[in-house]
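Asker: the sequence and its predicted three-dimensional model are supplied below.
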Amino acid sequence: MTDLRDRLNLSTIADDACEFARKYGLGLEIAEFCTAFNMDKEFEIWDSRVRREMIGVERFSFHAPFNELCPAAVDPLIVKVAKMRYNQAFTLMHGYGIDNMIVHSGYVPLIYSNDWFVEHSIAFWKEFLNEKPNELNLYIENVFEYTPQLLNDIVKEVNDERFNLCFDVGHAIIFADGVTITDWVEQSVSILAHVHLHNNDGKRDMHNTPGNGILDIAELVRKIMELSPKTTFTIESIDIEPSISWMKMNGFL
């Protein structure tokens with residue numbers, strides 16, 4: 001039995017996340033600003049929604065915007081936009097009293113050479129972190145990466161204890177090539193700090209409950225806890241109630 005209650009968040013991509021976070025004493029991962037549009041248009045509406053969600057919940061993480069953002073872009077204006085958006089997200093997160101932020105790497109296969117992407121990502125994140133206070137945990141998340149190598153190289157070369165890996169299981173199910181999901185975890189264990197849990201059919205990023213898909217996520221969670229017992233988790237499923245049932249069935253709640 002591995003109780004994850006004190007290290008488990010529920011993503012607010014699910015409408016019922018707040019209800020179950022309060023009921024079971026879980027945290028929330030604020031996802032309303034994954035789309036930067038919500039920082040600009042009708043911000044007051046989204047801000048009020050987030051503040052209502054936070055009532056009665058004690059632990060939080062914050063998902064930064066990711067659409068069209070790439071800190072290693074070839075076009076320097078795109079890099080400036082990425083930095084502006086991440087700074088907006090940091091300011092907003094800080095205002096909510098949250099100090100854990102998830103960012104996407106921005107990697108797109110066939111667009112960037114690996115050497116370019118790693119080199120320019122390292123420079124971007126070093127500069128970004130140098131401008132931020134110590135009270136920050138930044139987790140970089142895999143999306144289209146085929147193997148753990150790119151993000152492992154970036155995190156290790158940035159070499160900042162505030163900067164670690166968010167391993168997204170659902171994305172790896174689809175895009176991993178030449179490496180098993182367990183191998184990915186084992187190769188990344190030294191920098192693994194946060195995990196997104198969701199399942200799928202191996203073809204589409206469906207954000208199913210952890211028990212609804214081709215991967216035995218219960219076995220994977222136990223492996224992660226064995227290798228990295230301080231790692232935190234977010235259920236990033238669009239249906240929280242069956243995800244909670246799955247957590248109970250597998251002894252995680």
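Answerer: Sure, I can see it.
Asker: going forward, measure contacts between C-alpha atoms and count neighbours the same way
Answerer: Fine.
Asker: sketch out the low-pLDDT regions of this protein for me.
Answerer: 1 (pLDDT under 70).
Asker: quick one: the helices in it, in order.
Answerer: Counting by DSSP state H, the chain has helices at residues 17-24, 37-40, 43-54, 76-95, 114-130, 149-158, 169-175, 181-188, 217-227, 240-249.
Asker: winner for burial among these?
Answerer: Most buried of the helices of the chain by mean neighbour count (mean count of other Cα atoms under 10 Å) is helix 169-175; its value is a mean of 23.
Asker: show residues contacting that one.
Answerer: 142-146, 181, 195-200, 202-205, 207, 215 (Cα atoms under 8 Å, 6 or more residues apart in numbering).
Asker: kindly report the same for stretch 85-93.
Answerer: Residues outside stretch 85-93 that contact it (Cα under 8 Å, 6+ apart): 33, 36, 62, 64-65, 99, 101.
Asker: cutoff 6 Å now
Answerer: A64 (Cα atoms under 6 Å, 6 or more residues apart in numbering).
Asker: please apply the same query to stretch 182-196.
Answerer: Under Cα under 6 Å, 6+ apart, the answer for stretch 182-196 is 148, 164-168, 231-236.
Asker: out of those, name the ones that lie in strands.
Answerer: Here DSSP state E is the test, and the contacts of stretch 182-196 give 164-168, 232-235 as lying in strands.
Asker: where neighbours are concerned, which of those has the most?
Answerer: Most neighbours among these, by other Cα atoms under 10 Å: I235, with 28 neighbours.
Asker: that one: what's it in contact with?
Answerer: 10, 196-197.
Asker: so for D6, which of the helices of the chain sits nearest?
Answerer: helix 17-24 (10.0 Å; Cα to Cα).
Asker: same for the closest one, what does it pack against?
Answerer: Using 3 or more Cα pairs under 6 Å, 6 or more residues apart in numbering; DSSP states H and E, no helix or strand is in contact with helix 17-24.
Asker: contacts for it?
Answerer: Applying Cα under 6 Å, 6+ apart, the external contacts of helix 17-24 come out as 10, 27, 53, 57.
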